[in-house]
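Novice: have a look; sequence and predicted model below, questions after that.
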Amino acid sequence: MKQNTSVRIIIAVIVFVCGLASIGINLVLMPLFVFSGLLILPVTSAYISQALKMSYQVKIALSILFFITGFIGMGVLAENHPSDSNITSKQATDVKQEQPKEAVISLMAESLTVSYDENEVAADNNYKGKLFAVEGIVESIGKDIFDDPYVIIKGHNYGYNVQCYFTSNKGLESLAKGQQVNIYGRCYGRSILSVLMKDCRILDE
């Protein structure tokens with residue numbers, strides 16, 4: 001019995017670690033791993049059984065389902081990572097070399113996420129592969145599991161956001177959550193609830 005409990009604790013810890021790793025890829029994935037871990041951890045598992053009158057078999061099935069869904073999500077998002085871009089390297093280089101001149105197309109983050117939420121096909125036709133600036137409120141600043149820096153700008157609704165990847169930390173040290181920001185880069189389309197922007201840089205006010 002003790003050995004079984006120890007094994008479940010170890011598995012739960014591994015699942016929670018996967019949840020922490022998923023934060024750098026997409027915040028939406030983290031709850032899947034957390035729920036999976038809670039269903040495995042003996043203390044929380046017993047509480048859930050009593051509160052929801054859930055059988056052992058159902059808990060195991062849900063735990064496996066949450067974990068597999070989160071793991072697949074991490075794999076799909078990793079394929080869309082900047083290092084595996086299907087947009088040409090010449091285009092990526094153009095972003096670094098091309099300085100926005102007089103007329104820079106600028107969109108509010110909420111407007112961009114609404115467009116992708118309502119019609120992803122039309123939004124891709126309008127924005128994917130194109131250079132423009134996105135303006136909005138900083139939700140978080142961090143690095144993903146590949147150690148690449150990013151800034152997340154709030155979208156029109158909870159969970160929806162614009163995730164902007166940078167090739168260096170330049171300009172990110174002075175950013176803070178809740179700050180208004182204007183970020184220039186190339187749109188790579190949607191990944192779950194995030195609209196991806198890559199090879200970004202912060203525009204001067």
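Specialist: Done, it's in.
Novice: any stretches of the chain with poor pLDDT?
Specialist: 1-3, 15-16, 18-30, 70-71, 73-103, 205 (pLDDT under 70).
Novice: show me where it has helices.
Specialist: 2-23, 30-40, 42-52, 56-79, 89-97, 109-118, 120-127 (DSSP state H).
Novice: and Glu118, how close does it get to Arg186?
Specialist: Using Cβ to Cβ, to the nearest Å, one gets 22 Å for the distance from Glu118 to Arg186. Glycine gets a C-beta too; all of them are placed from N, C-alpha and C.
Novice: touching, Val134 and Val162? I think so.
Specialist: Yes: here Val134 reaches Val162: they are 5.3 Å apart, a contact under Cβ atoms under 8 Å.
Novice: how about residues contacting stretch 178-185?
Specialist: Stretch 178-185 has contacts (Cβ atoms under 8 Å, 6 or more residues apart in numbering) with 95, 100, 104, 106, 131-138, 151, 153, 164-165, 175, 197-203, 205.
Novice: kindly recompute the last result at 6 Å.
Specialist: 100, 133-135, 138, 164, 197-203 (Cβ atoms under 6 Å, 6 or more residues apart in numbering).
Novice: just these now: which is nearest Ala46?
Specialist: Taking Cβ to Cβ as the measure, Val138 is the one of the contacts of stretch 178-185 closest to Ala46, at 40.3 Å.
Novice: common neighbours of Val134 and Val162, please.
Specialist: Each of Ala109 lies in contact with both Val134 and Val162 under the rule Cβ under 6 Å, 6+ apart.
Novice: ok, now which ones touch Val162?
Specialist: So Val162 contacts Ala109, Leu112, Val134, Ile153, Val195 (Cβ under 6 Å, 6+ apart).
Novice: likewise Gln57?
Specialist: Residues near Gln57 by Cβ under 6 Å, 6+ apart: none.
Novice: now do Gly189
Specialist: Asp124, Lys128.
Novice: what's the domain layout of the protein?
Specialist: 2-79, 83-202 (automatic domain parsing).
Novice: does Ile137 really touch Lys154, like I thought?
Specialist: Yes: the pair Ile137 / Lys154 is scored as a contact, 4.8 Å apart, by Cβ atoms under 6 Å.
Novice: give me the more crowded residue out of the two.
Specialist: Between Ile137 and Lys154, counted using other Cβ atoms under 10 Å, Lys154 has the larger neighbour count: 19 against 15.
Novice: if I look at the more buried one, how far off is Arg190?
Specialist: Following Cβ to Cβ, the distance that separates Lys154 from Arg190 is 16 Å.
Novice: next, count neighbours for Ile68.
Specialist: That count, for Ile68 with other Cβ under 10 Å as the rule, works out to 12.
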